[in-house]
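**Student:** Here is the input, now give the coordinates:
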Amino acid sequence: MTTATHDHDHDHDHHGPAKGITRWLYTTNHKDIGTMYLWFSFAMFLLGGTFAMVIRAELFQPGLQLVSPEFFNQMTTMHGLVMVFGAVMPAFVGLANWMIPMMIGAPDMALPRMNNLSFWILPFAFALLVSTLFMEGGGPNFGWTFYAPLSTTYAPPSTTYFIFAVHIMGASSIMGAINIVATILNMRAPGMTMMKMPLFVWTWLITSYLLIAVMPVLAGVVTMMLFDIHFATSFFDAAGGGSPILFQHLFWFFGHPEVYIMILPAFGIVSAIIPAFARKPLFGYSSMVYATASIAFLSFIVWGHHMFTVGIPFLGQAFFMWSTMLIAVPTGVKVFNWVTTMFRGSMTFETPMLFALAFVVLFTIGGFSGLMLAVAPVDFQYHDTYFVVAHFHYVLVPGAVFSIMAAVYYWLPKWSGRMYNETMGKVHFWLSFVGVNILFFPQHFLGLAGMPRRIPDYALQFTNFNMISSVGGFLFGLSQLLFLYIVVHTVVAGKKAPAKPWDGAEGLEWTVDSPAPYHTFSTPPKIN
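**Tutor:** I've put the predicted structure just below:
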């Protein structure tokens with residue numbers, strides 16, 4: 001009897017007046033959790049972007065004008081940490097939560113309560129991280145890669161809180177990844193075989209394995225930092241028999257798969273959007289699956305390309321150089337397949353497709369500059385210059401961020417039942433596209449001319465390109481406020497979306513009768 005009463009009270013709590021906040025605090029619904037991840041990641045995107053604006057404002061002209069060099073270093077560090085762990089990764093996890101159960105015909109995620117926990121520890125992790133900026137001695141000032149001994153012997157007292165925050169983020173990632181693997185392997189609808197899963201599901205399955213493999217390495221390296229700081233060990237202190245180079249090996253063994261964690265789900269999104277707007281099935285489905293798996297495997301054996309200048313042996317340099325170049329092969333397969341999917345398709349250019357096309361073009365540019373950095377003797381010149389900054393921002397901003405925006409525009413009608421304003425979406429796209437290129441393209445030239453990264457001041461000859469870059473940065477940053485407006489306006493007051501918002505080509509409502517992305521096109525492909 002008591003149990004029944006208790007259950008009744010419990011129900012009353014959820015459906016009565018207290019519904020508001022408790023619905024979100026206690027929810028185990030994959031859509032609610034996906035929504036929270038996406039809003040949280042957008043808040044972090046704006047915060048990380050604000051840090052970047054401080055950086056670009058300081059670098060608008062030579063000399064020191066706005067902030068102290070110390071605070072500048074805190075900004076570069078926090079910008080990287082917040083964007084990587086707070087904006088890009090949670091956004092992809094939010095998309096995974098929303099879409100994977102629907103794509104494989106599952107009622108929810110496999111471990112719904114753990115799903116709730118994996119989200120709710122994130123706001124606390126980032127509150128802790130950002131609070132370090134207000135502590136005595138300031139926040140982390142050693143770059144997002146927190147190289148020892150800079151982050152151990154010479155670090156501000158707040159470093160301990162930074163380490164704890166990283167542990168919490170890592171725990172969240174591991175729980176999210178285990179949940180996704182369990183869901184995909186155990187909860188597919190009958191007939192949904194592995195090779196019939198949408199590519200977004202495949203990319204997330206592979207990404208989850210990367211997360212489970214490398215997040216413990218990050219946990220290990222920050223724990224060693226903690227011991228070096230507080231318990232008189234010498235893991236990274238040469239004076240005590242340790243090695244600062246050990247830190248770099250451990251960090252990049254995590255860090256290189258990490259950058260693929262931030263791009264593989266993007267490949268899955270683009271592989272959903274391009275076929276929809278080309279009105280053609282994806283070209284080379286199985287080769288896309290194998291290419292994704294190959295990229296994931298290779299990502300574990302290339303970490304040394306971040307360390308060409310630390311004095312690794314010649315044979316080691318050669319190995320890391322060639323294995324890095326090898327990644328270009330499966331990546332090239334993907335780009336080829338996307339282009340071939342579009343070839344002779346009945347293409348239309350709605351906002352999601354524009355972001356997906358910009359992704360393909362600009363991500364390829366970022367890939368080519370990465371290929372340049374893979375050449376060891378060339379990297380000796382480029383290392384720690386703005387060329388590297390330009391390279392990875394071309395991969396991460398038009399790559400990861402544009403794909404997330406494409407996904408939001410593509411799936412928002414499905415999530416909210418309302419259609420966004422197409423004209424405003426296109427305005428947002430063009431402002432972002434122009435802004436991001438004005439922001440990052442000149443940085444290639446700055447780097448080739450010798451401007452180092454992570455400095456608040458620079459020589460006079462770098463003035464013009466920095467000025468152009470900063471203008472692009474503010475254009476890109478401000479245009480994201482338009483994105484916020486578009487999304488909120490859609491959810492609150494958008495027109496009702498049709499059942500198939502993308503002219504029947506969306507391929508979202510896969511059922512047992514139509515298990516694969518192929519059988520969903522009501523508009524036949526135009527073949528002359």
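**Student:** Now do the strands in the protein.
**Tutor:** Here the chain has its strands, by DSSP state E, at 418-419, 495-496.
**Student:** Find the nearest non-adjacent residue to residue 71, please.
**Tutor:** Setting aside the residues directly before and after it, residue 71 is nearest to residue 138 in space (CB to CB, 6 or more residues apart in numbering), at 7.0 Å. Glycine gets a C-beta too; all of them are placed from N, C-alpha and C.
**Student:** likewise residue 401?
**Tutor:** Spatially, and ignoring its direct neighbours in sequence, residue 401 is nearest to residue 88 (7.0 Å; CB to CB, 6+ apart).
**Student:** wait, doesn't that neighbour sit right on residue 41?
**Tutor:** Yes. Residue 88 is within contact range of residue 41, at 7.5 Å (criterion: CB atoms under 8 Å).
**Student:** who has more neighbours, these two?
**Tutor:** For residue 88 versus residue 41, neighbours defined as other CB atoms under 10 Å are more numerous around residue 88 (28 against 24).
**Student:** so who does that one touch?
**Tutor:** 41, 262, 396, 400, 401, 404 (CB atoms under 8 Å, 6 or more residues apart in numbering).
**Student:** where in the stretch 301-450 of the chain is pLDDT low?
**Tutor:** Across the stretch 301-450 of the chain, not a single residue meets the criterion (pLDDT under 70).
**Student:** Based on its surroundings, how many neighbours for residue 55?
**Tutor:** Residue 55: 18 neighbours (other CB under 10 Å).
**Student:** doesn't residue 78 make contact with it?
**Tutor:** No. Counting by CB under 8 Å, residue 55 stays clear of residue 78, with 10.1 Å between them.
**Student:** picking that back up, and among the strands of the chain, the most buried is which?
**Tutor:** strand 418-419 (a mean of 16; mean count of other CB atoms under 10 Å).
**Student:** now the end-to-end length of stretch 304-324.
**Tutor:** 9 Å (CA to CA, to the nearest Å).
**Student:** can you list contacts of that stretch?
**Tutor:** The list of residues contacting stretch 304-324 from outside it, by CB under 8 Å, 6+ apart, reads 245, 248-249, 252, 255-256, 298, 301-303, 370, 373-376, 379-380, 383-384.
**Student:** which of these are buried?
**Tutor:** 245, 248-249, 252, 255-256, 298, 302-303, 370, 373-376, 379, 383 (16 or more other CB atoms under 10 Å).
**Student:** tell me, what residue is most central in this structure?
**Tutor:** Nearest to the mean C-alpha position of the chain, by CA atoms, centre = their mean, lies residue 88 at 3.0 Å.
**Student:** Residue 402 versus that one, what's the distance?
**Tutor:** From residue 88 across to residue 402, the span is 11 Å (CB to CB, to the nearest Å).
**Student:** ok so, going back, would you confirm that the residue nearest to residue 71 contacts residue 74?
**Tutor:** Yes. Counting by CB under 8 Å, residue 138 does reach residue 74; the two are 5.5 Å apart.
**Student:** what about the two, which has more around it?
**Tutor:** Shown here are residue 138 and residue 74; by other CB under 10 Å, residue 74 has more neighbours (23 against 17).
**Student:** Pretty sure the more buried one sits against residue 139.
**Tutor:** Yes. Look at residue 74 against residue 139 with CB under 8 Å: they come within range, at 4.6 Å.
**Student:** which residues are in contact with both of the two?
**Tutor:** Listed as contacting both residue 74 and residue 139 by CB under 8 Å, 6+ apart are residue 133.
**Student:** any low-confidence regions in the stretch 51-200 of the chain?
**Tutor:** Within the stretch 51-200 of the chain, no stretch has pLDDT under 70.
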